[in-house]
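In: sequence-free structure coming up:
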């Protein structure tokens, strides 16, 4: 039996979107689609665009912190929308953030959230983001759970919903 609404854990979705130049030109925005779906479920959704590393860092250090202050009773679900591959993600300006570097950006936030961070990697090979948690000698993890696609979803697939992970074995 589900808990009554007042006893359920509350969430909000924080989207960091970094579209490519062609996506910007064609006005393809996953953030707007995510916001519409999230708000249909009566949840708060904050969408920020990060076209460079500096903007990405500002989204995490300023935008996310401000959203957490505005919703102190809710756990943020971080949704990162960017082009990617097995090595990491690519920002709008072409700068690549490796999984190792992304780990360093996410660890302080997960620590502040007492290990409750959930990350959705909406990118090609986003499931490879599990590599961020593969440091046995370092107990500080970048997230509690990661959602990601193992393949290369099309725009229409990302608009409809997440693809199940494709396992290489």
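Out: Nice, thanks for sending it over. Since the structure is predicted, the reported quantities are computational estimates derived from the model, not experimental observations.
In: in the chain, which spans are strands?
Out: All strands of the chain, identified by DSSP state E, fall at 10-18, 44-49, 74-85, 88-90, 96-98, 118-122, 145-148.
In: List the strands paired with the last one, with their directions.
Out: If I follow you right, that is strand 145-148. Note on strand 145-148: by DSSP bridges, its sheet partners are strand 118-122 (parallel).
In: now the third one
Out: The sheet places strand 74-85 alongside strand 10-18 (parallel), strand 88-90 (antiparallel), strand 118-122 (parallel), with pairing taken from DSSP bridges.
In: what about those strands, which gets the closest to residue 62?
Out: The minimum distance between residue 62 and the strands paired with strand 74-85 falls on strand 10-18, with 11.7 Å, by Cβ to Cβ. For every residue, glycine as well, the C-beta is placed using N, CA and C.
In: and the closest one with strand 44-49, angle?
Out: Computed by axes from the mean of the first three to the mean of the last three Cα atoms, to 10 degrees, the angle separating strand 10-18 from strand 44-49 equals 10 degrees.
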